[in-house]
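Q: Sequence unavailable; structure follows:
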Ligand code: SF4
């Protein structure tokens with residue numbers, strides 16, 4: 001089977017535990033205007049064989065120390081669903097720790113749960129219309145996948161990118177709590193990531209206007225958002 005990888009590299013403890021081979025798969029079904037990897041959004045044009053990629057990953061095992069393994073990220077790794085599933089299956093069969101970072105919008109995501117040791121899911125907005133107006137896709141499937149992941153998995157890291165003008169108001173924070181609290185359990189963690197402009201230069205190099213304005217959150221906004229989430233008995237990791 002063919003798979004398109006934009007970038008391969010090792011990263012320590014930022015994309016799952018330990019030192020991990022991080023594979024950025026090409027293509028994304030969303031178009032978030034704050035994306036820090038806009039070059040990964042376009043559909044794939046260059047592919048390699050999954051057998052070759054698996055062989056590369058297995059050769060790299062000595063580098064997967066401190067509980068490391070392989071993490072698939074993007075773009076959105078589930079855009080290449082069948083190739084991703086094949087890779088995860090083969091890695092698990094070879095005893096390699098697996099992780100994916102996903103925007104959570106693929107309805108087939110639960111098919112991968114048994115093949116993933118660490119699941120990192122975005123939860124950008126609970127309000128479907130708001131999410132759709134910014135990214136092109138609503139939140140119904142994300143919520144269904146979050147519930148399914150919470151029910152079936154002992155560990156789950158949920159990430160909220162906190163962006164002024166999108167999801168950082170007091171009402172937004174209350175909405176996140178209302179959505180998450182019913183299925184929250186001790187194995188789940190929530191990471192709130194403050195908006196940054198790391199992707200701005202890349203957008204401009206691609207000849208696309210960078211549309212985000214006044215998107216930084218203040219310290220006060222961040223603290224107040226986090227305190228509402230924490231008051232909902234949700235364990236927070238602040239970034
Ligand atoms: S889901 Fe992630 S990779 Fe896709 S456009 Fe949004 S920020 Fe970029």
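A: That came through, no problem. Not measured: the values here are computed from a predicted model. Numbers count the residues shown, from 1 in each chain.

Q: Check what pLDDT the nearest residue to residue 181 once chain neighbours are set aside gets.
A: Leaving aside its sequence neighbours, residue 181 sits nearest to residue 232 (C-beta to C-beta, 6 or more residues apart in numbering; 5.0 Å). Where C-beta positions appear, they are placed from N, C-alpha and C, glycine not excepted. Residue 232 carries a pLDDT value of 73.

Q: Roughly how far does residue 232 sit from the ligand?
A: Look at residue 232 and the ligand: by C-beta to the nearest ligand atom, to the nearest Å, they are 25 Å apart.

Q: number of nearby residues for that residue?
A: By other C-beta atoms under 10 Å, the residues close to residue 232 number 17.

Q: which residues touch residue 32?
A: Counting by C-beta atoms under 8 Å, 6 or more residues apart in numbering, residue 32 touches 124, 134, 135.

Q: per-residue confidence at it?
A: 97.

Q: Same check on residue 238?
A: Per the predicted model, pLDDT is 65 at residue 238.

Q: about what we covered before: and the contacts of residue 32, which are buried?
A: Buried subset of the contacts of residue 32 (neighbour count, 16 or more other C-beta atoms under 10 Å): 124, 134, 135.

Q: Contacts only, for the last one.
A: The neighbourhood of residue 135, defined by C-beta under 8 Å, 6+ apart, consists of 30, 31, 32, 124.

Q: Helix, strand, or coil at the last one?
A: The local conformation at residue 124, judged by DSSP: H, G, I helix; E, B strand; the rest coil, is coil.

Q: and if you look at the second one?
A: Per three-state DSSP, the local secondary structure of residue 31 is coil.

Q: Skipping its backbone neighbours, what lies nearest it in space?
A: residue 136 (5.3 Å).

Q: do the first one as well
A: Nearest residue to residue 30, sequence neighbours excluded (C-beta to C-beta, 6+ apart): residue 135, at 4.2 Å.

Q: Which pLDDT does the model give that neighbour?
A: 97.

Q: what does residue 193 give?
A: 95.

Q: Please report how far it lies from residue 71.
A: Taking C-beta to C-beta, to the nearest Å as the measure, residue 193 and residue 71 are separated by 16 Å.

Q: buried sites along stretch 12-21?
A: Result for stretch 12-21 [16+ other C-beta under 10 Å]: buried residues 15, 16, 17, 18, 19, 20, 21.

Q: Farthest-apart pair in these, please.
A: The span of these, defined through C-beta to C-beta, is set by 17 and 21 at 13.0 Å.

Q: shared neighbours of those two, anything?
A: Joint contacts of residue 17 and residue 21 (C-beta under 8 Å, 6+ apart) are residue 68.

Q: Is the ligand within reach of the helix or strand encompassing residue 71?
A: Assigned by DSSP states H and E, residue 71 belongs to strand 70-73. No. Interface with the ligand: strand 70-73 contributes nothing (C-beta under 6 Å from any ligand atom), its closest point being 8.2 Å away.
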